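Engineer: For reference, the sequence and a predicted model appear below.
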Amino acid sequence: MSTTQQPTIIYTLTDEAPALATCAFLPVVRAFTAPAGIRVETSDISVAGRILGQFPECLTEAQRVPDNLAELGKLTLQPDANIIKLPNISASVAQLMAAIKELQGKGYKIPDYPENPKTDEEKAVRARYAKCIGSAVNPVLREGNSDRRAPLAVKNYARKNPHSMAEWSQASRSHVSHMHAGDFYHGEKSMTLDKARDVKMELVTKSGNTIVLKPKVALKDGEIIDSMFMSKKALLAFYEKEIDDAYNTGVMFSLHVKATMMKVSHPIVFGHCVKIFYKKAFEKHAKLFEDLGVNVNNGMVNLYDKVNTLPQSQRDEVLRDLHACHEGRPELAMVDSAKGITNFHSPNDIIVDASMPAMIRNGGKMWGADGRLKDVKAVMPESTFARIYQEMINFCKWHGAFDPKTMGTVPNVGLMAQQAEEYGSHDKTFEIAEDGVANIVDLATGEVLLSQNVEEGDIWRMCQVKDAAIRDWVKLAVTRARNSGMPAVFWLDPYRPHENEVIKKVKTYLKDHDTTGLDIQIMSQVRAMRYTLERVIRGLDTISVTGNILRDYLTDLFPIMELGTSAKMLSIVPLMAGGGMYETGAGGSAPKHVQQLVEENHLRWDSLGEFLALAVSLEDLGIKAGNAQAKILAKTLDLATGKLLDNNKNPLPKTGQLDNRGSQFYLAMYWAQALAEQTEDKVLQAHFAPLAATLAANEQTIVAELLAVQGQPADIGGYYLPDAEKTRAVMQPSKTFNAALASVRG
Ligand SMILES: NC(=O)C1=CN([C@@H]2O[C@H](COP(=O)(O)OP(=O)(O)OC[C@H]3O[C@@H](n4cnc5c(N)ncnc54)[C@H](OP(=O)(O)O)[C@@H]3O)[C@@H](O)[C@H]2O)C=CC1
Ligand SMILES: O=C(O)CCC(=O)C(=O)O
Ligand SMILES: [Mg+2]
């Protein structure tokens, strides 16, 4: 990473569709930023890169990769950090194993993933792999709170070109089911620290042993900590009841979790559901499944993979018994009905922030095994945040589907910095081995700060949020309310101990700001949702100011209703140390898009979020480095993005239509034209006028070259670690466009 004074943008290289799109876009970025003296450096934080980074001793000198994530993490603490962060895979165990297999096949001698580690060596390997799964990147880089919104041009585009929204019927039987007792919400305890303390997490068992689960957590003065647990008994009873209810009332059953970010608790929550659903088969084959090392916390795919290794007759028996379990069970919602992939296949297929909005956008329906859309029970065991979806469903049943042509917008200011709240809790989450008391204890004084009675199998966790993060979040909320003129609502529930502590701080820190003329309120989630929706349908805008989980949920939920996708969001992380990280949209890495590219050479991924992010990144760099040309690049890029929207040059979904590469060509052409038309900087004008002319003159040729490659398979030489040369050839297929870009770079 650079230490020179030259202004530098760090561009992350990630996975799947975003990585492919970046491969096409980087030559454009470099061609436009070079004349302003801006350096663009890349940093590979893909899951493949992160795996290789864990095992340097297994690799040859040439194969070794630096620990880019750690480097980037350090950079976020520098005031001049300017990072463009693309969505990356937060891998499930199944994805991790697939990535390992691909890397091994490419000659990287990394160890197998020990699914059931026995020796110390296996345990050590597994611990290293554990660092690569789940949401391993974002918590390291997000050293700031979150500002996500739909820019006006994007909102106006959606109003003029509304996406499809299915009808909602008042007779819809779809609903959300969550626990009403025994979950994290109901037994939570919370406190604000009176001073900095080092604490440990321990379990004092009924039999009198003390098991230290986490030897030390350093807490700062004013930090809020929570201790909460989910009762296994209550969870299992809840699943039994809901599965029966879905069967008896004839609605489909679906489960929605966030096993990627909540990488310790939610796979367990997921696994219990699968085991209850297929209870008879799991009881009958308990010994066999144990011998095989089956772990359905990683989905039914794990079971099927293991069972497939059995001799035919035994395999048939297990499959028959699994199949027989469907008798007396509700129909399962499908993730891919064509391929027979159910909601239980893999936890990474049912990521709640994306899966629930998709259901609501579909009129409250999901796909059944017969490929038809049907009403569904959406099960989200943890009640804390599940209720917001029920509130939106209630609203849609009464008012009908939202209308993208007229609905207001709901930007979000999210508390995210310094691994805030639940999303930073995975290293402090434990499955309880034995009945007892779970304590958070001051290491110096032995004082028990928070205590919970827990039972075997319960999931116990500690969450934390730093005072400085809350202070910064309140400031960001006030700034956004001031700059946008919109009312801001803090979604905080006074009945929840943690949020009650947060409310006290919010009230205190609001006093640090001039809030005259601003409309800032605090409401519980359900009321905040209702209030916001009442405004939304009247075309009124409302900022949601939320904790980390609702940040995640709402920044997919509202964009998907308003814009059809969260890919079009502007997503900024003003880093607390002064730098900026610019995320590209609020969604993920769209794995399905890669499949289409590989099969038909069409990439439907929309890079709009990336265009928006780059403009803010350039603007920030212009201000901080005093680089006037960067500011002009930012302004003209925004103009180009606006023109792209006006002229409908976004990628289209079907093969044979304009795709991501075509959309990027138009962006480049409009950007060059905007630079050629501006007169503030004559040097830039002169530099880009020839490119503008060349691209305009060759528009037909370039678009034809880009379309010509579509309709046949594309070889990128891998999934998790695609071949760089092959990917370049696929993603940069227009000779004419490539030559035009090369000519301005000199
Ligand atoms: N910031 C980050 O790093 C994030 C990472 N993730 C990770 O991404 C992976 C996949 O997550 P998943 O929940 O499936 O969510 P995705 O957002 O990847 O996919 C959901 C759907 O959203 C649509 N979509 C998303 N982005 C775009 C885009 N730029 N252009 C067009 N359509 C888009 C696609 O729908 P359609 O069918 O219409 O094409 C896609 O199938 C997981 O590993 C997850 O952890 C998820 C969220 C954020
Ligand atoms: O880090 C992840 O796994 C997902 C992040 C995410 O969904 C978000 O920030 O909206
Ligand atoms: Mg999200």
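Structural biologist: Perfect, I can see it now. Numbering: from 1, shown residues only. Ligands and ions are numbered 1, 2, ... in the order given.

Engineer: use CA for all of it now, contacts and neighbours both
Structural biologist: Noted.

Engineer: For the protein, give me the ranges with low pLDDT.
Structural biologist: Scanning the chain for pLDDT under 70 picks out 1-4, 746.

Engineer: Span of stretch 374-388 from start to end?
Structural biologist: Start-to-end span of stretch 374-388 (Cα to Cα, to the nearest Å) is 21 Å.

Engineer: same thing with stretch 100-109?
Structural biologist: Between the opening and closing residues of stretch 100-109 there is a gap of 10 Å (Cα to Cα).

Engineer: got the contact list for it?
Structural biologist: By Cα atoms under 8 Å, 6 or more residues apart in numbering, the surrounding residues in contact with stretch 100-109 are 48, 51, 58-59, 63, 110, 112-113, 718-721.

Engineer: how distant is that stretch from the center of its chain?
Structural biologist: Using Cα atoms, centre = their mean, to the nearest Å, the distance from the centre of stretch 100-109 to the centre of the chain it belongs to is 27 Å.

Engineer: picking up where we left off before, I'd like to know which of the contacts of stretch 100-109 are part of helices.
Structural biologist: When DSSP state H defines the helices, the subset of the contacts of stretch 100-109 inside them is 48, 51.

Engineer: Selecting buried members of the contacts of stretch 100-109 in ChimeraX, what would you type?
Structural biologist: Selection command for ChimeraX covering only the buried members of the contacts of stretch 100-109, criterion 16 or more other Cα atoms under 10 Å:
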select :48,51,59,110,113,718,719,720,721
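
Engineer: Filter the contacts of stretch 100-109 to keep only those in contact with ligand 1.
Structural biologist: Contacts with ligand 1 within the contacts of stretch 100-109, as defined by Cα under 6 Å from any ligand atom: none are present.

Engineer: Reformat the contacts of stretch 100-109 as TSV; add distance to Ala21.
Structural biologist: Formatted as TSV, these follow (distance: Cα to Cα, whole Å):
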residue	distance to Ala21
Ala48	18
Ile51	22
Cys58	31
Leu59	29
Gln63	25
Ile110	28
Asp112	31
Tyr113	30
Gly718	16
Tyr719	14
Tyr720	15
Leu721	15
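
Engineer: Just the closest of the contacts of stretch 100-109 to Lys649, please.
Structural biologist: For the contacts of stretch 100-109, the minimum distance to Lys649 (Cα to Cα) is 27.7 Å, reached by Tyr719.

Engineer: Hmm, Glu16 and the closest one touching each other?
Structural biologist: Yes. Counting by Cα atoms under 8 Å, Tyr719 sits close enough to Glu16 to count as a contact (7.3 Å).

Engineer: For my notes, confirm Phe238 occurs in a strand.
Structural biologist: No. Assessed with DSSP: H, G, I helix; E, B strand; the rest coil, Phe238 is helix; it does not lie in a strand.

Engineer: Can you get me a residue count around the closest residue to it other than its chain neighbours?
Structural biologist: Beyond its immediate neighbours in the sequence, the residue positioned closest to Phe238 (Cα to Cα, 6 or more residues apart in numbering) is Met179, lying 6.5 Å away. Counted by other Cα atoms under 10 Å, the residues lying close to Met179 total 23.

Engineer: for the one 5 residues further on, same thing?
Structural biologist: By the other Cα under 10 Å criterion, the neighbourhood of Phe184 contains 21 residues.

Engineer: Make 43 the starting number, not 1.
Structural biologist: Renumbered: residue one is now 43, and that last one reads Phe226.

Engineer: what secondary structure does it sit in?
Structural biologist: Using three-state DSSP, the secondary structure recorded for Phe226 is coil.

Engineer: List the contacts of it.
Structural biologist: Applying Cα under 8 Å, 6+ apart, the residues contacting Phe226 are 270-272, 424-426.

Engineer: Rebuild these as a markdown table, extending it with distance to ligand 2, neighbour count and secondary structure.
Structural biologist: Below are the contacts of Phe226 laid out as a markdown table (distance: Cα to the nearest ligand atom, whole Å; neighbours: other Cα atoms under 10 Å; DSSP: H, G, I helix; E, B strand; the rest coil):
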| residue | distance to ligand 2 | neighbour count | secondary structure |
| --- | --- | --- | --- |
| Met270 | 22 | 26 | strand |
| Phe271 | 22 | 28 | strand |
| Met272 | 22 | 28 | strand |
| Glu424 | 18 | 23 | coil |
| Ser425 | 19 | 20 | helix |
| Thr426 | 18 | 20 | helix |
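
Engineer: Ligand 1 contacts on the stretch 193-342 of the chain?
Structural biologist: Thr302.

Engineer: Over in the stretch 193-342 of the chain, which residue gets nearest ligand 1? Let me know.
Structural biologist: Closest to ligand 1 within the stretch 193-342 of the chain is Thr302: 5.5 Å, counting by Cα to the nearest ligand atom.

Engineer: Could you single out the nearest of the contacts of Phe226 to Lys673?
Structural biologist: Taking Cα to Cα as the measure, Lys673 lies nearest Thr426 of these, at 43.1 Å.

Engineer: quick one: the closest one and Gly229 touch, right?
Structural biologist: No. Checked against Cα under 8 Å, the pair Thr426 and Gly229 is beyond contact range at 11.4 Å.

Engineer: This completes my enquiry, with thanks.
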